[in-house]
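Asker: let me see the structure of the following:
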Amino acid sequence: MANIRDVAKAAGVSVATVSRYLNNKGYISEEAKRVIAEAVEELNYQPSMIARSLSTKQSTFIGLIVPDIVNPFFPELARAIEDVALAYGYTVILCNSDEDLEKEINYVKTLQQKYVAGFIVATSHAEVEHYMGLDIPIVAIDRRIHSSIPYIATDNREGARIGTEHLLESGCKNILCMRGPSGLGPADDRFAGFNDAVKGKDINTHIIECPFQFDVAETMVKKVLAEVSIDGIFASSDVTAAGAMKAAYSASIHVPSQLQIVGYDGTMLASQLTPGLTTVAQDLYRIGAMAARMLIKLIEGQELTEREVLIPAELLIRQTTRSEA
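Answerer: Prediction:
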């Protein structure tokens, strides 16, 4: 693979001249530009984007930090972000923090040192000081970081209300709410939406706090099913809903004739389960694409017409709920 010295030798100029040409800095004669361009084409030279970003303190790299790449919600978001970024000439660097604050902070520091052009972040932590001092653009997705940072997400409270209302309309009287972790914005909003739906209704509710993890959800729901009688579950994610479905299967409880289940997110997982999972769907591609466009506008010095965007959710009715009571 050719390097900058090979280009300089083929063009008959100095390495410094080639560097000025590649970085569009300083004076270069038209003749030097011509011979360097010919050498670059002849050698099929591809300049190192990282090296160029170090010299110019600018780059076309975007850092994307997510808390759990195993959760199917985040790969679908990442796909949209990458598609839009590539269309605008940017490359996405995906970082999975594993919900580890120290790991997340290290990613931020490392990418900042590499002069990334900006960040798109979905953090699961309340501590956000490591974002506040950055002098590069940031856009938050799915969960707020700070009022000063642009943010795009689904209207989670309204989405959860719609999903819970569907269980009520389908005849559920004893409903388990598998709320997400307390203190996490989307989880708190969905729990609020659940409460909006059940407030004043003549039903029994049971609440458990469950991380967005399949195995943990399965274990927790097995315990609930062994202790109380429930006929409906509202889960704060498709992953935890899938865990609940497996727990019901293990307990020989038929879905949906004996137990109805509604998930949240609208990931591909929901349509691939048997029976198909009724879920409150987020427009994940739209969220990711809008986040990428917002960030690129900020990188390129443009003003945002909106700094906070909430996208409506949609109930997708499949086979884990009954169409009538």
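
Asker: pairing partners for Leu64 in the sheet, please.
Answerer: Per DSSP bridges, the residues bridged to Leu64 are Leu94, Ile120.

Asker: wouldn't it be in contact with Ile81 here?
Answerer: Yes: at 5.9 Å, Leu64 counts as touching Ile81 under the criterion of Cβ atoms under 8 Å. All C-beta spots, glycine's among them, are computed from the backbone N, C-alpha and C.

Asker: who touches both of those two?
Answerer: Jointly contacting Leu64 and Ile81 under the rule Cβ atoms under 8 Å, 6 or more residues apart in numbering are 92, 120.

Asker: show me where the protein has helices.
Answerer: Per DSSP state H, the chain carries helices over the ranges 4-11, 15-23, 30-43, 49-56, 73-87, 101-113, 129-132, 156-169, 185-198, 214-227, 238-250, 268-272, 284-299.

Asker: turn those helices into a markdown table, columns for mean pLDDT, mean neighbour count and distance to His146.
Answerer: Formatted as a markdown table, the helices of the chain follow (pLDDT from 0 to 100; neighbours: other Cβ atoms under 10 Å; distance: least, Cβ to Cβ, whole Å):
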| stretch | mean pLDDT | mean neighbour count | distance to His146 |
| --- | --- | --- | --- |
| helix 4-11 | 88 | 18 | 41 |
| helix 15-23 | 79 | 18 | 34 |
| helix 30-43 | 90 | 15 | 44 |
| helix 49-56 | 52 | 14 | 26 |
| helix 73-87 | 93 | 19 | 20 |
| helix 101-113 | 86 | 16 | 14 |
| helix 129-132 | 74 | 14 | 6 |
| helix 156-169 | 98 | 22 | 18 |
| helix 185-198 | 96 | 22 | 12 |
| helix 214-227 | 97 | 17 | 29 |
| helix 238-250 | 98 | 23 | 27 |
| helix 268-272 | 93 | 17 | 31 |
| helix 284-299 | 94 | 22 | 15 |
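
Asker: JSON lines for those helices, including distance to His206?
Answerer: Shown next, in JSON lines, are those (distance: least, Cβ to Cβ, whole Å):
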{"stretch": "helix 4-11", "distance to His206": "66"}
{"stretch": "helix 15-23", "distance to His206": "63"}
{"stretch": "helix 30-43", "distance to His206": "67"}
{"stretch": "helix 49-56", "distance to His206": "53"}
{"stretch": "helix 73-87", "distance to His206": "25"}
{"stretch": "helix 101-113", "distance to His206": "31"}
{"stretch": "helix 129-132", "distance to His206": "37"}
{"stretch": "helix 156-169", "distance to His206": "13"}
{"stretch": "helix 185-198", "distance to His206": "11"}
{"stretch": "helix 214-227", "distance to His206": "7"}
{"stretch": "helix 238-250", "distance to His206": "12"}
{"stretch": "helix 268-272", "distance to His206": "23"}
{"stretch": "helix 284-299", "distance to His206": "29"}
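
Asker: quick one: which of these is nearest Val309?
Answerer: helix 284-299 (6.4 Å; Cβ to Cβ).

Asker: next, the angle from the closest one to helix 73-87.
Answerer: 50 degrees (axes from the mean of the first three to the mean of the last three Cα atoms, to 10 degrees).

Asker: so what's the closest residue in space to Pro186 that isn't next to it in sequence up against?
Answerer: Distance criterion Cβ to Cβ, 6 or more residues apart in numbering; nearest residue to Pro186, sequence neighbours excluded, is Asn156 at 5.0 Å. Going by Cβ under 8 Å, 6+ apart, Asn156 touches 185-186, 189-190, 193, 313.

Asker: for these, work out which two are farthest apart.
Answerer: It's Gly185 and Ala313 that sit farthest apart of those, by Cβ to Cβ, at 15.0 Å.

Asker: for stretch 82-91, list the C-alpha coordinates in CSV.
Answerer: The C-alpha trace of stretch 82-91 is given here as CSV (Å, rounded to 0.1, in the frame of the first residue of the first chain):
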residue,chain,number,x,y,z
GLU,A,82,-24.7,4.9,9.8
ASP,A,83,-26.8,5.1,6.7
VAL,A,84,-27.3,8.8,7.0
ALA,A,85,-23.7,9.5,8.1
LEU,A,86,-22.3,7.7,5.1
ALA,A,87,-24.5,9.6,2.8
TYR,A,88,-23.0,12.8,4.1
GLY,A,89,-19.4,11.5,4.0
TYR,A,90,-19.0,10.6,7.7
THR,A,91,-17.9,7.4,9.3
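
Asker: that stretch: how far from the chain's middle?
Answerer: 16 Å (Cα atoms, centre = their mean, to the nearest Å).
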